[in-house]
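# Need the 3D shape of this:
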Amino acid sequence: MGIQEKRLRTFRKDNYQCFYCLKLLVHKAPDRQLRPTVEHIVPLSKGGTWEEDNLLTSCGDCNHRRGNKSFILFLIEVYRLTGLKD
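Here you go, the predicted model:
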């Protein structure tokens with residue numbers, strides 16, 4: 001399976017919703033921030049792969065903010081920024 005097909009499968013699996021901020025995304029949206037991106041749980045720069053269990057859907061803002069931070073540390077950062085307590 002090619003990378004493009006893995007991207008589409010990931011978007012569909014996640015219902016075109018950002019894993020981090022829960023923003024609903026639109027494939028090929030004119031606004032870049034509404035387009036889904038593929039996020040690697042373990043970044044490629046840290047040995048991650050294109051295996052489907054290492055992929056999730058992210059908005060452009062969250063993908064950019066995370067960079068190659070660890071998955072857990074970024075989740076804590078998002079948790080603190082959103083103020084979600086429950």
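# which stretches of this protein form helices?
With DSSP state H as the definition, the chain shows helices at residue ranges 3-13, 60-66, 71-82.
# and residue 18, what does it touch?
Going by CB atoms under 8 Å, 6 or more residues apart in numbering, residue 18 touches 25, 36, 57, 58, 59, 62. All C-beta atoms are positioned from the backbone trio N, CA, C, and that covers glycine.
# One more pass at 10 Å, please.
By CB atoms under 10 Å, 6 or more residues apart in numbering, the contact set of residue 18 is 24-25, 34, 36-37, 39, 56-63, 78.
# for residue 82, same thing?
Taking CB under 10 Å, 6+ apart as the definition, contacts of residue 82 comprise 20, 21, 22.
# separation between it and residue 34?
Distance, residue 82 to residue 34, by CB to CB, to the nearest Å: 19 Å.
# How many neighbouring residues does the closest residue to residue 23 other than its chain neighbours have?
With CB to CB, 6 or more residues apart in numbering as the criterion, residue 23 has its nearest non-adjacent residue at 4.9 Å, and that residue is residue 59. The number of residues packed near residue 59 is 24, by other CB atoms under 10 Å.
# hang on, residue 59 packs against residue 17?
Yes: under the criterion of CB atoms under 10 Å, residue 59 lies in contact with residue 17, with a separation of 9.0 Å.
# Which pLDDT value goes with the most centrally placed residue in the chain?
Of all residues in the chain, the one closest to the mean position by CA atoms, centre = their mean is residue 58, 2.5 Å from it. Per-residue pLDDT puts residue 58 at 95.
# swap in residue 77?
At residue 77 the predicted local distance difference test score is 88.
# In contact with it: list those residues for me.
Neighbour list for residue 77: 20, 65, 66, 69 [criterion: CB under 10 Å, 6+ apart].
# Residue 52 too?
1, 6, 9, 10, 13.
# Turn those into JSON lines, columns for distance to residue 44, pLDDT and neighbour count.
Listed next are those as JSON lines, based on distance: CB to CB, whole Å; pLDDT from 0 to 100; neighbours: other CB atoms under 10 Å:
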{"residue": "1", "distance to residue 44": "17", "pLDDT": "81", "neighbour count": "8"}
{"residue": "6", "distance to residue 44": "13", "pLDDT": "95", "neighbour count": "16"}
{"residue": "9", "distance to residue 44": "18", "pLDDT": "96", "neighbour count": "14"}
{"residue": "10", "distance to residue 44": "15", "pLDDT": "97", "neighbour count": "22"}
{"residue": "13", "distance to residue 44": "19", "pLDDT": "96", "neighbour count": "12"}
